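Visitor: how does the following fold in three dimensions:
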Amino acid sequence: MRMLSQAKRVHLGPWLIPGLYAMTAIAASVILPRIEHYVFPHLKADASIGTSIAIYSSIASGMMALTGIVFSLTFLMVQFSATAYSPRLVMWIARDPVLSHALGVFSATFLYAIAALEWLDRNNSRRVPFISSMVVIVLLLTSVGMFVGLIHRIGRLQINRMLIFTGDQGREVIEKLYGPLGLSSDEIPTGCLHTMVPEQTLFHHGQPRSLESINVKRLVKLAKQHDACIKVVTAIGDTVLEGTPLLHIFNAAAPFAEKELSRVMELGEDRTFEQDPKYAIRLLVDIAIRALSPAINDPTTAVQALDQIGDLLLRLGGRRLEIGAYPDDSGRIRLIIPFPSWDDFLHLGFEEILSYGARSVQVMRRMKALIADLLTVVPPERRPSLKYWQERLQASIARSFEDAEEKLSASGEDRQGLGVTRRSAA
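Guide: Next comes the predicted model:
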């Protein structure tokens, strides 16, 4: 049975929040002055008409100029910073709610200040509305606060802060997804029989999309209700095309209705950190290999990226990664989802950096130290994979450096890249 996949993550448009601020300001500018004029006719501010007009006009005109300057500089800096690291990471900063709220507050301040001018000396009353003047002042102070917050957010675009931000996202998803080491993969029941022919298959129809997340609880509940087993065949983070199978259904007592499966898999334009433990490492690797390109030639940034990658691998090494089998409350496996293995994480974290940084003494030394550190803390069953990468790293050094002194220097273990050598390889 072919079923359409209609589930997509709903992203708020970039102009929705500023639009709400603008509409609120317009509504307030229509309602508040009238309430004040007709309900509190004797309530007025201790300011002259001319002074109030000058203040309101200055706030309105200055706010529009500030908005244009600040956001021009912000997006220029975002675009410029994209040359230093992955543009996919820049999009996370560009979507920061602070940017939308700042634009909204600036717009609301401008609109309300303009509207408040209409009620100054209305009908020759020689009166400055008190509430409106206070609202204008509060909006002005709020705009100053948002401006400070915006400058703080722009400061996050520094490369070291971006690396820490990306690492924090990875640490959060690792903490959420993986429990401490317990059962090995051999002790986890497989549940669904891989050789069986699926009775139903959910296909994707539409434009290419990335699988962002899966509603595990909902899928397990549906599988139990139908006494079935569901096998997801698309990994989180994969790009699905027209006709790509998303999941197979086995042994169902009754067919699944399309609406039952329409909201269990979130599809979007980009990968997210939510259930994708590889995405943070992918972004860190992007930053590292971009820094190692001949156009930038910044191995120190690659070393800093390796610091974050090493921390994520260290945390993954102490976690149970075999989490793809999900049982119901009776213990019967109802759902199987593909998740990356320990080898997958190592391949992602090392392969491209080893290739692009093969001629960098600094990068080779940092990778040597990273692998040596991991070998001392990960469980014994995960050390053979690290030994493999240790041998590949040494083979790359032997192949890339012809000079004996350079080869010896690159073979050292150094957490700073070019800091304190712990030992040299024989």
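Visitor: A helix includes Y326, no?
Guide: No - the assignment for Y326 (DSSP: H, G, I helix; E, B strand; the rest coil) gives strand, which keeps it out of a helix.
Visitor: tally of neighbours for the spatially closest residue to V135 that is not a sequence neighbour?
Guide: Among residues not flanking V135 along the chain, Y112 sits closest, at 6.3 Å (C-beta to C-beta, 6 or more residues apart in numbering). Where C-beta positions appear, they are placed from N, C-alpha and C, glycine not excepted. Per other C-beta atoms under 10 Å, the neighbour tally for Y112 reads 27.
Visitor: show me where the stretch 151-300 of the chain has strands.
Guide: Counting by DSSP state E, counting those that start in this stretch, the stretch 151-300 of the chain has strands at residues 200-203, 209-214, 229-232, 239-240, 245-250, 265-268.
Visitor: got the domain ranges for this structure?
Guide: 2-8+190-268, 16-157, 276-320+340-410 (automatic domain parsing).
Visitor: quick one: which of those domains is nearest R332?
Guide: domain 2-8+190-268 (7.7 Å; C-beta to C-beta).
Visitor: which residues of the stretch 251-400 of the chain score low on pLDDT?
Guide: Applying pLDDT under 70 to the stretch 251-400 of the chain flags no residue at all.
Visitor: quick check: mean pLDDT across the one helix or strand the residue nearest to V135 maps to?
Guide: Applying DSSP states H and E as the criterion places Y112 in helix 97-117. Mean per-residue pLDDT for helix 97-117: 86.
Visitor: doesn't D343 make contact with L313?
Guide: No - if you go by C-beta atoms under 8 Å, L313 and D343 don't touch, sitting 11.7 Å apart.
Visitor: more neighbours: those two, which one.
Guide: L313 (25 against 14).
Visitor: how about stretch 338-347, which residues are buried there?
Guide: F339, P340, W342, F345, L346 (16 or more other C-beta atoms under 10 Å).
Visitor: for that stretch, list the C-alpha coordinates in PDB.
Guide: Written as PDB, here are the backbone C-alpha positions of stretch 338-347 (Å, rounded to 0.1, in the frame of the first residue of the first chain):
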ATOM      1  CA  PRO A 338      18.500   3.000  12.400                       C
ATOM      2  CA  PHE A 339      20.900   4.900  14.500                       C
ATOM      3  CA  PRO A 340      24.700   5.400  13.900                       C
ATOM      4  CA  SER A 341      27.200   3.000  15.400                       C
ATOM      5  CA  TRP A 342      30.500   3.700  17.100                       C
ATOM      6  CA  ASP A 343      32.300   3.100  13.800                       C
ATOM      7  CA  ASP A 344      30.000   5.600  12.100                       C
ATOM      8  CA  PHE A 345      30.800   8.300  14.600                       C
ATOM      9  CA  LEU A 346      34.500   7.700  14.200                       C
ATOM     10  CA  HIS A 347      34.400   7.700  10.500                       C
END
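Visitor: pull the residues that contact it.
Guide: 177, 232-236, 277-278, 281, 312-313, 316-317, 321-324, 348, 382, 385-386, 389 (C-beta atoms under 8 Å, 6 or more residues apart in numbering).
Visitor: can you give the distance of that stretch from its chain's centre?
Guide: How far stretch 338-347 lies from its chain's middle: 20 Å, per C-alpha atoms, centre = their mean, to the nearest Å.
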